[in-house]
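following is a predicted model, sequence given first.
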Amino acid sequence: MPIAVVYNAGRVLDETSDAIDYVNVLKGKWNEESRFDQEKDKTQFRDYDAACDRVKNFYKEQHEKQTVEFNIKARVEFNSKKRARMGVWEAMEMLNTLVDESDPDTNLSQIEHLLQTAEAIRRDGKPEWMQVTGLVHDLGKLLSMFGSQGQWDVVGDTFVVGCKFSEKIIYPHTFEGNPDSQDVVYSTRYGIYEPHCGLDNVMLSWGHDEYLYHVLKDQSTLPEEALAMIRYHSFYPWHREGAYTHLMNEKDQKSLEAVQAFNPYDLYSKSDGSCDPVKLRPYYEGLIAKFFPTVLDW
Ligand SMILES: O[C@H]1[C@H](O)[C@@H](O)[C@H](O)[C@@H](O)[C@H]1O
Ligand SMILES: [Fe+2]
Ligand SMILES: [Fe+2]
């Protein structure tokens, strides 16, 4: 008696060996596809014209709701409480259920994305502090489990609020629905800022970068460049498109170099082969111990 029956293109395969062959063909096809994925051309990343409605709807909502008023409230709320106490690996595991609605390039779990980023940095022989930065850079997405309003205040690219929304932000027309785009001050080139006041003095749309930066700046021994990589990694209109130079100071030039060095690992590792958390954990626990306390306030 056959132990497996597989239906294939109108033909019933009722022999065990046929069924096994068929499964192998399917597996081969899957491998072909993942190989193709690995060879994904760089131009195929961040293709927002071709993105699905989930991504487009996400950005419409985000661009309409990230106002100055909301951003001030989010920062007051952040300072008013502590959300959790746990170690870095535990935080990575906690984040693992999130599927990022803003991302057109990966459906993988967050732990995989963090490990892929760190592993790509490690493969290139970069220093330990940069590897561990890759490992933690998206942990700010935990915000979505600490009572955020949705994903629009957690993930996605960031931009400056309090001055004119840059044309270099993806889907720039969606800012028409943001009340700040009609405001007499917030809609001007400098808005509430002085020329070259420095990015430390501008308010970036609230989300995982800004949150994690504030969590880690006093709870790690990461160098300045690492903190810049964390704080600005989603600030694509700046680090990729060259917007907001009129708000930058000298220090930001150094940050820009750091963020641009980090970006390819974050973005292009999304099509790398998947990582095994169980195998990699001992190595990364070693790095975590070098840069973070055992338990952190989140
Ligand atoms: O969709 C992605 C994702 O949310 C990333 O974590 C963020 O850093 C990127 O800027 C964004 O484009
Ligand atoms: Fe991110
Ligand atoms: Fe990332």
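Sure, I can see it. Numbering: from 1, shown residues only. Ligands and ions are numbered 1, 2, ... in the order given.

make it CA atoms for all contacts and neighbour counts henceforth
Will do.

from the rest of the structure, what touches the helix or strand containing Glu285?
Assigned by DSSP states H and E, Glu285 belongs to helix 277-291. The contact list for helix 277-291, computed with C-alpha atoms under 8 Å, 6 or more residues apart in numbering, reads 88-89, 111-112, 115, 128-129, 132, 220-222.

next secondary structure element downstream of that helix?
That would be, after helix 277-291 and using DSSP H and E, strand 296-297.

helices - which of the contacts of helix 277-291 land there?
If you go by DSSP state H, the contacts of helix 277-291 have 88-89, 111-112, 115, 128-129, 132 in helices.

most neighbours out of those residues, which is it?
Comparing those by number of neighbours (other C-alpha atoms under 10 Å), Val132 comes first, having 27 neighbours.

would you agree it is in contact with Glu119?
No: the criterion here is C-alpha atoms under 8 Å, and Val132 misses it with Glu119 at 9.6 Å.

OK, contacts around Phe175?
Phe175 neighbours (C-alpha under 8 Å, 6+ apart): 60, 63-64, 165, 181.

these into JSON lines, with extra columns for distance to His196 and neighbour count?
Output for those, formatted as JSON lines (distance: C-alpha to C-alpha, whole Å; neighbours: other C-alpha atoms under 10 Å):
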{"residue": "Lys60", "distance to His196": "29", "neighbour count": "19"}
{"residue": "His63", "distance to His196": "25", "neighbour count": "25"}
{"residue": "Glu64", "distance to His196": "27", "neighbour count": "17"}
{"residue": "Phe165", "distance to His196": "17", "neighbour count": "23"}
{"residue": "Ser181", "distance to His196": "22", "neighbour count": "20"}
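
identify, from the residues you listed, the entry nearest to Phe159.
Of all the contacts of Phe175, Phe159 sits closest to Phe165, with 7.6 Å by C-alpha to C-alpha.

what residues does the stretch 1-150 of the chain have near ligand 1?
Taking C-alpha under 6 Å from any ligand atom as the contact definition, the stretch 1-150 of the chain meets ligand 1 at 102-103, 138.

which of the contacts of Phe175 fall in helices?
Judged by DSSP H, helices contain the following of these: 60, 63-64.

turn those residues into CSV, columns for pLDDT.
Shown next, in CSV, are those (pLDDT from 0 to 100):
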residue, pLDDT
Lys60, 98
His63, 98
Glu64, 98
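
just the buried members of the residues of the stretch 1-150 of the chain next to ligand 1?
Buried members of those, counted by 16 or more other C-alpha atoms under 10 Å: 102-103, 138.

so what's the residue count around His173?
His173 has 12 neighbours, counted by other C-alpha under 10 Å.

OK, contacts around it?
By C-alpha under 8 Å, 6+ apart, His173 lies in contact with nothing.

ok, 10 Å please
60, 63, 165, 167 (C-alpha atoms under 10 Å, 6 or more residues apart in numbering).

save the residues of the stretch 1-150 of the chain next to ligand 1 as TSV, and put in distance to Phe146 too.
Converted to TSV, those look like this (distance: C-alpha to C-alpha, whole Å):
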residue	distance to Phe146
Ser102	19
Asp103	21
Asp138	15
